[in-house]
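J.: Turn this into a structure:
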Amino acid sequence: MTILPPAPGEPRRPDGPRDSGDAWVIAPTGERYWGRYGAAGLLAVDPERGVLLQHRVSWSHFGGTWALPGGARHEGESALDGALRESQEEAGVPDGAVVPRLESVLDLGYWSYATVVADVRTPFDPVISDPESVALEWVPLDAVDALPLHPGFAASWPSLRALLEVRPALVIDAANVVGSVPDGWWNDSAGAAERLYGRILGALDDRGFGFVPEAAQPVWGGTDAHVRWYPETVLVVEGQARAIAEERADAADETSLRIVAASGSGDDAIVREARALVERERDVVVVTSDRELAARVVDAGAQALPAGWLLAQLGD
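T.: Numbering: from 1, shown residues only. Here you go, the predicted structure:
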């Protein structure tokens with residue numbers, strides 16, 4: 001692998017000095033890839049208008065093709081942050097206008113590209129704000145294949161489109177997850193649940209969760225990408241931990257994480273939440289190591305993953 005800076009006329013930050021990530025990576029086989037630390041792009045999905053695509057200026061890499069707003073990541077920058085920053089710089093995507101759904105990463109070892117798929121929460125009109133775009137347009141899903149696409153986007157589009165049909169949701173048995181680690185939680189179950197809430201929220205804000213929803217399994221055979229999800233998430237608490245649900249009641253409007261306080265049996269509340277999400281056509285995964293509860297949620301149409309899976313996702 002070789003690192004080369006951009007040549008005159010090639011991409012660079014439009015608003016100041018070149019970032020250290022603005023460089024070409026030369027593969028052992030000679031291909032060039034933009035971004036010393038990898039690259040990221042945003043696939044914004046509007047339920048009425050389709051997906052936001054960028055018509056690339058002729059002098060750019062694969063100029064004249066259509067692709068995603070995106071570009072080189074900064075050193076230490078997450079794929080999510082990189083995709084959102086680049087889409088703001090190139091397409092004027094407003095803060096808070098989109099909610100991430102999934103992140104699909106093609107990792108070649110020496111270079112990676114992350115596609116962040118995000119749902120439009122607040123409709124907006126894109127704005128050409130740098131010289132790399134001829135046009136920015138909302139393109140209906142059925143019309144994407146008719147465009148001259150960037151080769152990388154063309155290769156990934158079939159699996160990305162299939163994944164747009166998958167809407168996963170997590171229901172987490174807080175008491176079971178907290179109780180699986182002997183760290184003294186019994187002295188302060190509410191505090192332990194609060195810490196779990198914070199760690200889950202941090203994952204949803206940064207890197208998502210890696211799992212394979214049942215509805216997505218047929219897609220996995222046709223892609224080399226690694227997929228992580230930012231799912232609608234429900235944390236079910238019971239006993240003394242129910243206090244945090246009231247404290248965090250307003251946060252659900254700003255995040256993908258909702259807390260449900262079980263008024264009676266925590267297991268019954270989890271089954272109800274799972275069943276309600278299944279009825280909304282979500283691909284539901286319940287996190288619990290309780291075998292009896294796991295059997296009940298499977299009967300309700302959900303998957304079950306053990307508490308250890310979640311803890312590993314959170315870094316334990």
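
J.: make it CA atoms for all contacts and neighbour counts henceforth
T.: Noted.

J.: Quickly find the element holding residue 271.
T.: Per DSSP states H and E, residue 271 falls inside helix 266-279.

J.: Please work out which residues outside the helix ranked longest in the chain touch it.
T.: In the chain, with assignment by DSSP state H, the single longest helix is helix 189-206. With C-alpha atoms under 8 Å, 6 or more residues apart in numbering as the contact definition, helix 189-206 has outside contacts at 78, 80-81, 174-175, 178, 185, 209, 230-231, 235, 237, 240-244, 255-257, 314.

J.: Please state the offset of that helix from the chain centre?
T.: In terms of C-alpha atoms, centre = their mean, to the nearest Å, the gap separating the centre of helix 189-206 from the centre of its chain is 18 Å.

J.: cool, stretch 150-164 as well?
T.: With C-alpha atoms, centre = their mean, you get 16 Å for stretch 150-164.

J.: Ok, stretch 27-34 next?
T.: Between the centre of stretch 27-34 and the centre of its host chain there is 27 Å, according to C-alpha atoms, centre = their mean.

J.: how does the protein divide into domains?
T.: Each domain of the chain is listed here as a residue range: 2-163, 168-313, per automatic domain parsing.

J.: Could you export these as TSV, including mean pLDDT?
T.: TSV is the format used below for the domains of the chain (pLDDT from 0 to 100):
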stretch	mean pLDDT
domain 2-163	87
domain 168-313	87
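
J.: will you turn those domains into JSON lines that also has mean neighbour count?
T.: JSON lines is the format used below for the domains of the chain (neighbours: other C-alpha atoms under 10 Å):
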{"stretch": "domain 2-163", "mean neighbour count": "18"}
{"stretch": "domain 168-313", "mean neighbour count": "18"}
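
J.: Strands of the stretch 151-300 of the chain, residue ranges please.
T.: 168-173, 226-229, 232-237, 257-261, 283-287 (DSSP state E, counting those that start in this stretch).

J.: I'd like to know which of those strands lies nearest to residue 121.
T.: Closest to residue 121 of these is strand 232-237 (C-alpha to C-alpha; 13.9 Å).

J.: okay, the strands of the stretch 151-300 of the chain in CSV with distance to residue 88 next?
T.: CSV is the format used below for these (distance: least, C-alpha to C-alpha, whole Å):
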stretch, distance to residue 88
strand 168-173, 27
strand 226-229, 22
strand 232-237, 24
strand 257-261, 25
strand 283-287, 31
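
J.: what's the closest of the ones you listed to residue 62?
T.: Closest among those, once you apply C-alpha to C-alpha, is strand 226-229, at 24.6 Å.
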